[in-house]
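[1] Sequence plus the predicted model coming up.
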Amino acid sequence: MKFIILFFTLNFVFSSCQQKQQNPVSKNKTPENKIIGTWKMIYAEIKEKDSLQIKDMGKSDFVKIINATHFAFFNQDLENPAGFYGGGGTYKLQNNNYTETLNYTSIETIRGHNFPFTIEIKGDTLIQFGLEEIKEANIKRYIVEKYIRVLD
């Protein structure tokens, strides 16, 4: 009987001492895919034909959340509670080539469209730029967006 109790006690002790498997994306560890995280837009410019528009980030909050396979974005106009829009979908990332497929949006003419961008990550800053072109929506503009990491 003592042998059985000793066996179970040692078994419990040894199994308790095994190294715990760590979560691949922990709070203190940068994820393998550095684009994964929550990002807040701090700068945006739109070049369309011969005009340049720079978004006043003091009047809105724009957040983009990216996981291993999907992205979502939310924009709240701070001066107009009804001025909210959002969207999301899937993305593909190969080196610096980042392509969003907008699957979820209230604007039918851009739903399902692919948006190819180039990205750069410098420290806690994500820079995304590229040509947004949707003939059905009469959109052709070059954008530059800069985000800071809010969470991993």
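    Yep, that arrived.

[2] For the spatially most central residue of the chain, list each beta-bridge partner.
    Closest residue to the average C-alpha location of the chain: Ile66 at 2.4 Å, with Cα atoms, centre = their mean. Beta-bridge partners of Ile66, counted by DSSP bridges, are Gly37, Phe71.

[3] count of neighbours near Gly58?
    Neighbour count of Gly58, defined by other Cβ atoms under 10 Å: 7. Any C-beta I mention is one placed from the backbone N, CA and C, and that applies to glycine too.

[4] And for Asn97, nearest residue in space, chain neighbours not counted?
    Thr118 (6.6 Å; Cβ to Cβ, 6 or more residues apart in numbering).

[5] no wait, Leu151
    Take Leu151 and drop its neighbours on the chain: the residue closest to it by Cβ to Cβ, 6+ apart is Thr38, 4.2 Å away.

[6] Against Asn67, how distant is the one you found?
    Thr38 is 10 Å from Asn67, where distance means Cβ to Cβ, to the nearest Å.

[7] And Tyr142, how far from Phe117?
    With the distance defined as Cβ to Cβ, Tyr142 ends up 11 Å from Phe117.

[8] In this structure Lys34 contacts Lys122, no?
    No - the pair Lys34 / Lys122 is not scored as a contact, 10.4 Å apart, by Cβ atoms under 8 Å.
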